[in-house]
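Undergrad: Need the 3D shape of this:
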Amino acid sequence: MALFAKFLCCTGAAGGDASDKKGSTWRIFSLKELHAATNNFNYDNKLGEGGFGSVYWGQLWDGSNIAVKRLKVWSTKAEMEFAVEVEILGRVRHKNLLSLRGYCAEGQERLIVYDYMPNLSLLSHLHGQYASDSLLDWRRRMSIAIGSAEGLAYLHHFATPHIIHRDVKASNVLLDSNFDAQVADFGFAKLIPDGATHVTTRVKGTLGYLAPEYAMWGKVSESCDVYSFGILLLELLSGKKPIEKLGPGTKRTIVEWAAPLVFHGKLDELVDPKLNGKFEEEELRRVVKVATMCAQNTPENRPTMLEVVELLKGEDKESSAPAKDANGLQDPDKLKLDTVKYGDELLAADEGSESNSASGPLPAADAPPATTTTTAPSGLGPKSKEKARGR
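TA: Numbering: from 1, shown residues only. The predicted structure follows:
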């Protein structure tokens with residue numbers, strides 16, 4: 001409670017407005033206002049749920065659409081994550097980072113209000129309710145890759161102090177009406193003091209995306225986000241989940257699947273079949289090169305996110321065309337994916353439906369009965385389609 005109280009003192013009293021250094025305004029909402037906006041947190045307004053709680057669609061009195069993240073159960077741990085997310089969202093502003101509209105802290109209720117993203121998350125388009133609609137063509141996938149990379153590069157290199165996200169994954173890349181990427185969910189984020197190369201902390205994040213040094217030793221640095229982004233790139237490229245269930249007791253990581261294809265230069269076999277072969281070969285080579293560099297087991301061998309942005313845009317000085325040996329195969333010294341084995345106890349925790357947070361998924365929340373008539377946008381709610389799930 002002390003951490004959030006400290007933040008509240010710095011931002012102003014309830015009901016007031018606050019601005020970040022760049023002049024973007026957010027405010028403190030009343031619980032009554034958010035109850036009205038979300039139909040008393042009606043189940044049909046629910047967009048997703050996860051380790052923090054549930055996310056609801058809402059509409060304010062002025063007609064603007066919002067997303068409201070509601071803490072499931074108050075605890076010191078949850079209060080800490082809430083305070084961290086509000087503090088970070090309040091201090092950063094970038095076109096590829098989800099914007100804070102405000103928050104509410106009344107009694108034991110903790111809620112964060114964001115801009116509503118009408119195309120939900122990347123997860124919903126790759127594996128969830130929109131997967132069958134095939135809305136992600138090659139151009140959109142490249143735009144999402146570059147946009148999310150630019151958002152992470154801002155956190156690592158331009159935010160003060162630097163910020164490690166610690167939970168880069170498909171459900172935390174939200175998509176606006178133009179399918180532009182917005183990196184979201186900063187509850188696990190770490191602020192890195194000036195001069196520090198890494199910090200050691202309790203492991204948070206999502207199985208399948210975790211960098212080896214973080215999963216095994218809790219050693220976290222910006223490079224951990226880079227590794228997770230490499231996995232995200234492979235997922236975006238292929239349409240495959242970070243961890244696939246092949247059969248009873250058998251699971252395979254996306255790196256294990258992709259490594260032989262990369263090694264033998266069969267890059268077109270990495271591409272999501274939903275694209276029907278419609279992709280740019282030069283951009284494909286670029287994406288595979290970046291994913292390969294990011295997903296190296298050794299942190300020192302990974303690029304920075306600034307370098308990732310340059311590589312994805314084709315602005316790096318070296319050619320993105322991979323080297324080949326005398327037999328026409330990829331030179332393994334130039335383009336090779338490192339594989340990492342998760343322990344049986346970690347794999348057993350993964351349910352196969354999607355990569356789970358280290359803290360595990362939450363059961364569905366009981367929603368109070370609706371008392372207002374605000375209608376959710378078409379396609380939302382559990383009765384329409386399978387819902388995309390947040391952390």
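
Undergrad: The residue most central in space within the chain and Ala37, how far apart?
TA: Centroid-nearest residue in the chain, with Cα atoms, centre = their mean: Asn172, separated by 2.3 Å. Here Asn172 is placed at a distance of 23 Å from Ala37 (Cβ to Cβ, to the nearest Å). All C-beta atoms are positioned from the backbone trio N, CA, C, and that covers glycine.

Undergrad: how close does Ser177 sit to Glu280?
TA: Counting by Cβ to Cβ, the gap from Ser177 to Glu280 is 24 Å.

Undergrad: These two: which is more packed in?
TA: Glu280 (12 against 9; other Cβ atoms under 10 Å).

Undergrad: The more buried one contacts Arg141, doesn't it?
TA: No - between Glu280 and Arg141 there is no contact under Cβ atoms under 8 Å: 10.5 Å.

Undergrad: Flag the shaky bits of this protein, pLDDT-wise.
TA: 1-24, 51, 191-204, 317-335, 340-391 (pLDDT under 70).

Undergrad: for it, longest helix please?
TA: helix 138-157 (DSSP state H).

Undergrad: If you count contacts, what does that one end up packed against?
TA: strand 162-164, strand 173-175, strand 181-183, helix 222-238, helix 281-294, helix 305-313 (3 or more Cβ pairs under 8 Å, 6 or more residues apart in numbering; DSSP states H and E).

Undergrad: Next, the residues that contact that helix from outside, please.
TA: With contact meaning Cβ atoms under 8 Å, 6 or more residues apart in numbering, helix 138-157 is reached by 92, 94-97, 122, 136, 162-165, 168, 173, 175, 179-183, 189, 222, 225, 229, 232-233, 236-237, 275, 278-280, 283, 287, 304-306, 308-309, 312-313.

Undergrad: Return a ChimeraX selection command for the buried portion of these.
TA: Command for ChimeraX that selects the buried part of the contacts of helix 138-157, burial taken from 16 or more other Cβ atoms under 10 Å:
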select :92,94,96,97,122,136,162,163,164,165,168,173,175,179,180,181,182,183,189,222,225,229,232,233,236,237,279,283,287,305,306,308,309,312
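
Undergrad: Where do the strands of the stretch 1-150 of the chain begin and end?
TA: Taking DSSP state E, counting those that start in this stretch as the test, the strands found in the stretch 1-150 of the chain are 17-19, 25-28, 46-49, 53-59, 65-71, 100-106, 109-115.

Undergrad: okay, these, which one's buried deepest?
TA: Per-stretch averages of neighbours, counted by mean count of other Cβ atoms under 10 Å, single out strand 53-59 among the strands of the stretch 1-150 of the chain, with a mean of 25.

Undergrad: Partner strands of it, with direction?
TA: Taking DSSP bridges as the criterion, strand 53-59 forms sheet pairs with strand 46-49 (antiparallel), strand 65-71 (antiparallel).

Undergrad: how far does stretch 38-47 sit from the chain's center?
TA: On the basis of Cα atoms, centre = their mean, to the nearest Å, the separation between the geometric centre of stretch 38-47 and that of its chain is 23 Å.

Undergrad: Which parts of that stretch count as buried, going by neighbours?
TA: By neighbour count on 16+ other Cβ under 10 Å, the buried set for stretch 38-47 is 38-47.

Undergrad: And stretch 138-158, by the same measure?
TA: Buried-residue list, stretch 138-158, by 16+ other Cβ under 10 Å: 138, 140-156.

Undergrad: Tell me how the chain divides into domains.
TA: Split into domains by automatic domain parsing, the chain comes to 2-115, 122-349.

Undergrad: what is the orientation angle of the longest helix of the chain with helix 222-238?
TA: Relative orientation of helix 138-157 versus helix 222-238 (axes from the mean of the first three to the mean of the last three Cα atoms, to 10 degrees): 180 degrees.

Undergrad: Skipping adjacent residues, who's closest to Leu337 in space?
TA: Ala259 (4.1 Å; Cβ to Cβ, 6 or more residues apart in numbering).

Undergrad: Now for that neighbour: which residues touch it?
TA: Contacts of Ala259 by Cβ under 8 Å, 6+ apart are 336-339.

Undergrad: Which one (most neighbours) among the residues you listed?
TA: Busiest of the contacts of Ala259 [other Cβ under 10 Å] is Leu337, holding 24 neighbours.

Undergrad: Surely it touches Val262?
TA: Yes - Leu337 sits in contact with Val262 when judged by Cβ under 8 Å, with a separation of 5.1 Å.

Undergrad: which residues are common contacts for those two?
TA: Thr292.

Undergrad: Pretty sure Pro303 sits against Asp225.
TA: No - at 11.6 Å, Pro303 does not count as touching Asp225 under the criterion of Cβ under 8 Å.

Undergrad: what about Ser148, distance to His35?
TA: 33 Å.

Undergrad: Tell me the buried residues in stretch 74-82?
TA: 78-79, 81-82.

Undergrad: Nearest to Ser54 among those?
TA: Among these, Ala78 lies closest to Ser54 (Cβ to Cβ), at 12.8 Å.

Undergrad: Show me what the spatially closest residue to the closest one that is not a sequence neighbour is bridged to.
TA: The spatially closest residue to Ala78, leaving aside those adjacent along the chain, is Leu71, at 5.5 Å (Cβ to Cβ, 6+ apart). Beta bridges link Leu71 to Gly53 when assigned by DSSP bridges.
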